[in-house]
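> could you look at this predicted model? Sequence included:
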Amino acid sequence: MGAGKTYRMGRIFGEDGRALILPVDHGLTLGRIEGLEDPVARVDGLLDLPCDALLMAPGLTRLTADRFARRAAPARLLTLDTFFRLPGETAAGAGLAGSVEQAARLGVDCLKLFMAWNVPSRERAGTLSRIAEVVRRAEEFDLPVMLEPIAVGEQRTPEAIAVEGDGARAALEVGADVIKVAYPGPELMAAWAAELRLPLVILGGPRTGDAEGVITLAEEAVEHGARGIVIGRNVWQRPPDVTRALMQRLHAIVHP
Amino acid sequence: MGAGKTYRMGRIFGEDGRALILPVDHGLTLGRIEGLEDPVARVDGLLDLPCDALLMAPGLTRLTADRFARRAAPARLLTLDTFFRLPGETAAGAGLAGSVEQAARLGVDCLKLFMAWNVPSRERAGTLSRIAEVVRRAEEFDLPVMLEPIAVGEQRTPEAIAVEGDGARAALEVGADVIKVAYPGPELMAAWAAELRLPLVILGGPRTGDAEGVITLAEEAVEHGARGIVIGRNVWQRPPDVTRALMQRLHAIVHP
Amino acid sequence: MGAGKTYRMGRIFGEDGRALILPVDHGLTLGRIEGLEDPVARVDGLLDLPCDALLMAPGLTRLTADRFARRAAPARLLTLDTFFRLPGETAAGAGLAGSVEQAARLGVDCLKLFMAWNVPSRERAGTLSRIAEVVRRAEEFDLPVMLEPIAVGEQRTPEAIAVEGDGARAALEVGADVIKVAYPGPELMAAWAAELRLPLVILGGPRTGDAEGVITLAEEAVEHGARGIVIGRNVWQRPPDVTRALMQRLHAIVHP
Amino acid sequence: MGAGKTYRMGRIFGEDGRALILPVDHGLTLGRIEGLEDPVARVDGLLDLPCDALLMAPGLTRLTADRFARRAAPARLLTLDTFFRLPGETAAGAGLAGSVEQAARLGVDCLKLFMAWNVPSRERAGTLSRIAEVVRRAEEFDLPVMLEPIAVGEQRTPEAIAVEGDGARAALEVGADVIKVAYPGPELMAAWAAELRLPLVILGGPRTGDAEGVITLAEEAVEHGARGIVIGRNVWQRPPDVTRALMQRLHAIVHP
Amino acid sequence: MGAGKTYRMGRIFGEDGRALILPVDHGLTLGRIEGLEDPVARVDGLLDLPCDALLMAPGLTRLTADRFARRAAPARLLTLDTFFRLPGETAAGAGLAGSVEQAARLGVDCLKLFMAWNVPSRERAGTLSRIAEVVRRAEEFDLPVMLEPIAVGEQRTPEAIAVEGDGARAALEVGADVIKVAYPGPELMAAWAAELRLPLVILGGPRTGDAEGVITLAEEAVEHGARGIVIGRNVWQRPPDVTRALMQRLHAIVHP
């Protein structure tokens, strides 16, 4: 690993190699969703909670640059692409919404790209080509890349999870430095963590169930090898005191 | 914000951070419309009215360069793209009709791009990728970018306005410096203005109703947080004395 | 206008700002048409007739370079693109068939591009983007650009002429220095000439009617503001003595 | 014509301006066809026959470079593109399979590109754009370009021949230095040769009829203005002694 | 052949011009397949077996770089593209998943690209254009290119094998340095090896039959001209002792 990646990965994953990452990048693709209507205020409200890094799209990264302009601030990861698919559409829309140069100028520590993997073959190949080009450019700046292979909109069946496992492998091969996955259950979590030999971080997805479910998910995932948690809506789409308590408990799980 | 953007945004929004902007860029997409048959004469007729900036496409900007070649002239914003959709068409046509280099050569103060947002997912993603590339190039010249998310051709239902709210959020995230929206009503106007933390300016659209409606729209919008007004056809598709009176009243609303 | 454009426009439009331009560029799109089977011979036959400029595609421009290698020779305009649409086709084919660099090397005085304007929205947007890119490159060489908006294959109804009027406005906005139109009748000719403030030149199209019709067309067009005539087939698809007489009379009309 | 083209055209067409060219480039598009199963052996077998140049694709050009690494060796032309159309397909496949830079590195004397001309308008325009880009690049190296307009798979009706005549004219206009055509009969051969003012060379196509037919074709074509013969399968898909005899007779026809 | 290719080909094919190559690149396209769930462990387990080179995708190449960071380590070939086709899909997905620059940085000795050849004409032409561009870039680094023409998913009929023979010829012409084929039987193996004059290496494909079948295949192929064996799943999707025994026997066949 080059010096630039070593430095940036260290800023995200710290001395214990673990990271609690807060995603607030939803506006680019989902628009003005509940709990993130005012994204700057949301960031401000989260900044005094224990957290290693935030995941943001370019605009919010720019608007909040001053909040992070100090040495102990959390790291920042930059969402660089979109994925749109309306109900009933056969063809999804995906593409870059930012550039590697922009990321380098903004000073972020990592790029994040999406890999919808339950899609037609042509879209799969297009996604990998687009990512490969970003990886090539990111290498010039020694910027780490986080990839997120997902079976979009599917039930969590073993088949859907296997599709994501295949996507995680493709993510490794195309050049991921970190892979963001939906928690696949304890056995596969342990297996993937061992096999991929890259930091795996767990996503939260839409708010579901109660707050305890989030804790259980995080505990199980970390216990079985996850190196980090990237949970947003399931944290900040709850009352402020629940959000605060959740962050503190998640931090304790990630950094025991 | 870089020195170039600070300078240019100041030229548009002035000391009070507000702007009355006159759009006369319709020819690129709509052709030879009523009231703008002779665009240079129209610009000449508008120049002695109180106005902070004009929005023009590249050709008219070139033809009228000498009118603005003095220090107290209004600023100029450059429309850089097209959006065509004929009745009955399922696929719209959109794309750049100018370049960032052209804008830099012309000396304009801002770029303006369109975001049709009630479109298939593939067109959405394509629009964001096209804009992201312009944003990347504009950063090299430190040129501000105004984005305009619209639910094209729809009734002003809450659903359509929500689509535009989602588009405004995506506009922020892809790198807008200014966002041009259709007035969403007082509550959402106030909310968006607070949340997006960028100057929001209000468009007028096709001429509708009487001149008083325009004044009411502007008053309401500014009262609830709009930082500017970009009204063209509803101003200059009226008799000259009405146009003059409207401009004077709008100027008083924007700069009270 | 830059020094390069000033020089080249002067070579085409002369001291009175008028031009009689002979098009012999048909081979690129129409193939081996009547009267232009031997394009070099045709050029040779035309060169002793009064004429300000020839419009040619790249190949013929190259083959006849020596004919123009003297100071008093006519100027040359370069056709840079194609438009194909076979009977029954729903999708037309259009694209560049030459480059701005090629034009600069050949030493021509102007580029000419086609704007089929009665086409689906996606083709319209694609045409403008393609032209915008040529305009951007042409600016680097200070080469003038002539655009030709046409309602291809339509009857000359008021609706078709209005489509071309819209196209002429879009041509101005995307960066035309000269606009080539089908004669729209006296009122619109005068209106467009006044409004667009660029030299408008009139095309001839397929040979129709008798030679007197061409003269009438030219007289009417020039009388109402046309700055030039670009008539080919209606001139050289006639017997040599008629061609000669037509050219002399057209020259007298353009340069009275 | 630049010094580079003058030099290379002279290497192909010699002092009498005529050329007997042997095509052995079929593998790129047709695969392992009869008589060319072992292309290097085929080239070796042909090299002691009288011949001015060989037409090869990049791979064979590379494999046989040493055979041509002497001053009196035949010239080499490089096939740079493909055209595939399977029975029943509505859309053909065409594209570059090599680059101008590759040609320059290989040291060949000419590029050869295909123009399927009885195709939908969109493919026609795409073909011309692709060729125009190659022409632009080839100009940087002063490399001649041979274009080959064909009504693929059609009977030799007057209509099909007229399509190829239109294609030949488009070939001239887009920048051909040499045009390769199917023999159109004596009248059109003479007409095209006079009109296009570029060297026309005649292709052979699939083996048909007896060897005498090839001789008759060549004699007729040369008599009526062809500047060269590019016949492969009709020469080397015959017994070795017939091939040898044919080459000698063709050479005598081309260089009487 | 340039000095760089000479050096790298020598690292792969050794002094006797033969190579036993182990493919472990399946994750990029096939995901987490049996026997390659933990690709790094698999590589570690294979490294003490006799083997001239490994074929890997970019991610695994990066993860295992330290294993090869010694002078006597096997060479490495880099898989650079993908091919996806789900059951029932009419359009396949193919594209680059890495770059030539990446390969140069990683220090691999060869690039490997796929040529699905039983596909619609448009995909064929697209594949060749994509490969031609890689070949052009690879020439700048003097990196060898291995191409793999396959009739994907077809029975091994004479027709399918002939399609692959056509693909092998196209592979040669577009610039292959090595061609990877499915064993076509003894006669064609001998013929292709003689005709193509490039090293042909034989692939194994999905595990089929017993281990003895692999030995028979390798013996026959090498006996009839194959210069190498690229068998993965048929080797490492078996019990460890069988894998070890197979590798030793294959090595003895390739380097007798």
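Right, received. Where do you want to start?

> need the three-state assignment for whatever residue of chain A ends up closest to chain D.
Across chain A, the shortest distance to chain D (CB to the nearest CB) belongs to A:R122, at 15.3 Å. Glycine gets a C-beta too; all of them are placed from N, C-alpha and C. Counting by DSSP: H, G, I helix; E, B strand; the rest coil, the backbone at A:R122 sits in helix.

> pLDDT value on it, please?
Reading off the per-residue confidence, A:R122 sits at a pLDDT of 96.

> please apply the same query to A:A97.
97.

> isn't it up against A:P58?
Yes: the criterion here is CB atoms under 8 Å, and A:A97 meets it with A:P58 at 7.3 Å.

> pLDDT on the helix or strand where A:L172 lies, on average?
For A:L172, the host element (DSSP states H and E) is helix A:158-174. Taken as a whole, helix A:158-174 carries a mean pLDDT of 98.

> can you pull the contacts of the residue of chain A closest to chain D?
The contact partners of A:R122, by CB atoms under 8 Å, 6 or more residues apart in numbering or on different chains, come to E:84, E:91-93.

> of the residues you listed, select the buried ones using a PyMOL command.
When burial is assessed using 16 or more other CB atoms under 10 Å in any protein chain shown, the buried subset of the contacts of A:R122 is captured in PyMOL by this command:
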select buried, chain E and resi 84+92+93
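
> pLDDT, secondary structure and distance to D:G175 added to the contacts of A:R122, as CSV?
Putting the contacts of A:R122 into CSV (pLDDT from 0 to 100; DSSP: H, G, I helix; E, B strand; the rest coil; distance: CB to CB, whole Å) gives the following:
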residue, pLDDT, secondary structure, distance to D:G175
E:F84, 96, strand, 39
E:A91, 89, coil, 34
E:A92, 94, coil, 35
E:G93, 96, strand, 35
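
> ok, whatever residue of the stretch 51-200 of chain A ends up closest to chain E - contacts?
Of the residues in the stretch 51-200 of chain A, the one nearest chain E is A:D166, at a distance of 2.4 Å by CB to the nearest CB. Under the criterion of CB under 8 Å, 6+ apart, the contact partners of A:D166 comprise A:117, A:149, E:30-32.

> of all pairs in those, which one spans the longest distance?
Spanning the widest gap among those are A:P149 and E:L30, at 14.1 Å by CB to CB.

> which one's more surrounded, those two?
For A:P149 versus E:L30, neighbours defined as other CB atoms under 10 Å in any protein chain shown are more numerous around A:P149 (26 against 17).

> and that one, that one's in a strand?
Yes: the assignment for A:P149 by three-state DSSP puts it in a strand.

> any idea how many residues pack against the residue nearest to it when sequence neighbours are not counted?
If the residues on either side of it in the chain are set aside, A:P149 comes closest to A:G167, at 2.6 Å by CB to CB, 6 or more residues apart in numbering or on different chains. Burial measure for A:G167: 25 neighbouring residues, criterion other CB under 10 Å.

> for A:C51, see how far away A:R244 is.
11 Å (CB to CB, to the nearest Å).

> which one's more surrounded, those two?
Remark: of A:R244 and A:C51, A:C51 carries more neighbours, 20 against 17, as counted by other CB under 10 Å.

> surely the more buried one is in contact with A:P74?
Yes: the pair A:C51 and A:P74 qualifies as a contact (CB under 8 Å) at a distance of 5.3 Å.

> shared neighbours of these two, anything?
Counting by CB under 8 Å, 6+ apart, the residues touching both A:C51 and A:P74 are A:L22.

> next, whatever residue of chain A ends up closest to chain B: phi, psi?
Per CB to the nearest CB, the residue of chain A with the smallest distance to chain B is A:G31, at 2.4 Å. Geometry field for A:G31 lists phi and psi as phi 80, psi -140, criterion degrees, to the nearest 10.

> distance of it from A:R18?
Here A:G31 is placed at a distance of 32 Å from A:R18 (CB to CB).

> returning to what we had before: so who does the residue nearest to A:P149 touch?
Contacts here follow CB under 8 Å, 6+ apart; on that basis A:G167 touches A:115, A:117, A:149-151, E:31.

> helix, strand, or coil at A:I215?
Here A:I215 is recorded as helix under three-state DSSP.

> before we move on, which element is the residue nearest to it when sequence neighbours are not counted in?
By the measure of CB to CB, 6+ apart, the closest residue to A:I215 outside its immediate chain neighbours is A:R249, 5.6 Å from it. With secondary structure defined by DSSP H and E, A:R249 is part of helix A:240-254.

> could you pull up the mean pLDDT of that helix?
Confidence for helix A:240-254, expressed as mean pLDDT, is 96.
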